[in-house]
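**Q** 3D model of this:
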Amino acid sequence: MLKLKQFLSFALMGGLVLLTGCATNGGSQPGEMEIRSGVIEQIKDVQIATNHHRGVGAVVGGIAGLGLGSLIGGGTGRDVAMVLGAVGGAVVGNEAQKTHDAPQPAQQIIVRTTAGVLVSVTQPPVSGLRVGEKVYIEGNGENARVRPQ
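**A** From the prediction side, this is the model:
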């Protein structure tokens, strides 16, 4: 049977592996980016949620709490302090992240591509864009951005 410390170490490493496994390149080759061209048909000011990854505050807080708990006592008391520190740190880290996740100003830009397709891109505000302007749409999905030609 594994000791509590070994279990926590394995759990921590497993969590880190899961977090790093979430990153993907969208199926493109490194350095490749889809670029389309078109004309802006509409610009609308909106608000979007931040792009912070949910749960990162809890993970970081849990790790910090685990570290602080390991500094307390010895033996079984130390193990208990580590568990309580990890749980308490996760709760505090999650709450801290929530306070920084306020909606951000953005623009929803609708572009008619040269192929005649309407594309909607929501991105941080770009000054100087106007209806009727020729633009490029760089990338796709959440990473798409409208740039002047």
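**Q** switch to C-alpha atoms for all contacts and neighbour counts from now on
**A** Fine.
**Q** Which residue, other than its chain neighbours, is closest to Arg78?
**A** Once flanking residues are discounted, Arg78 sits nearest to Ile72: 5.7 Å by Cα to Cα, 6 or more residues apart in numbering.
**Q** Equivalent analysis for Gly88, please.
**A** Spatial nearest neighbour of Gly88, excluding adjacent residues (Cα to Cα, 6+ apart): Gly65 at 6.6 Å.
**Q** Look up phi and psi at Gly69.
**A** phi -60, psi -30 (degrees, to the nearest 10).
**Q** which SS state does the nearest residue to it once chain neighbours are set aside fall under?
**A** Nearest residue to Gly69 in three dimensions, chain neighbours excluded: Met82, at 4.0 Å (Cα to Cα, 6+ apart). With DSSP: H, G, I helix; E, B strand; the rest coil as the basis, the three-state label of Met82 is helix.
**Q** who's in contact with Met82?
**A** Remark: with contacts taken as Cα atoms under 8 Å, 6 or more residues apart in numbering, Met82 is in contact with 65-70.
**Q** So which elements touch the lengthiest strand in the chain?
**A** Counting by DSSP state E, the longest strand found in the chain is strand 35-48. Strand 35-48 sits against strand 104-113, strand 134-138, with contacts defined as 3 or more Cα pairs under 8 Å, 6 or more residues apart in numbering; DSSP states H and E.
**Q** List the contacts of it.
**A** So strand 35-48 is contacted by 103-114, 130-139 (Cα under 8 Å, 6+ apart).
**Q** Buried members of these into PyMOL, please.
**A** Restricted to buried positions by 16 or more other Cα atoms under 10 Å, the PyMOL selection for the contacts of strand 35-48 reads:
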select buried, resi 106+107+108+109+110+111+112+113+130+134+135+136+137
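**Q** ok so, going back, mind listing what's buried in the longest strand of the chain?
**A** Neighbour-count burial for strand 35-48 [16+ other Cα under 10 Å]: 36-41, 43.
**Q** Just give the number of residues close to the residue nearest to Gln97 when sequence neighbours are not counted.
**A** In space, Gln97 comes closest to Gly57 once its chain neighbours are excluded; the distance is 5.4 Å by Cα to Cα, 6+ apart. By the criterion of other Cα atoms under 10 Å, Gly57 has 21 neighbours.
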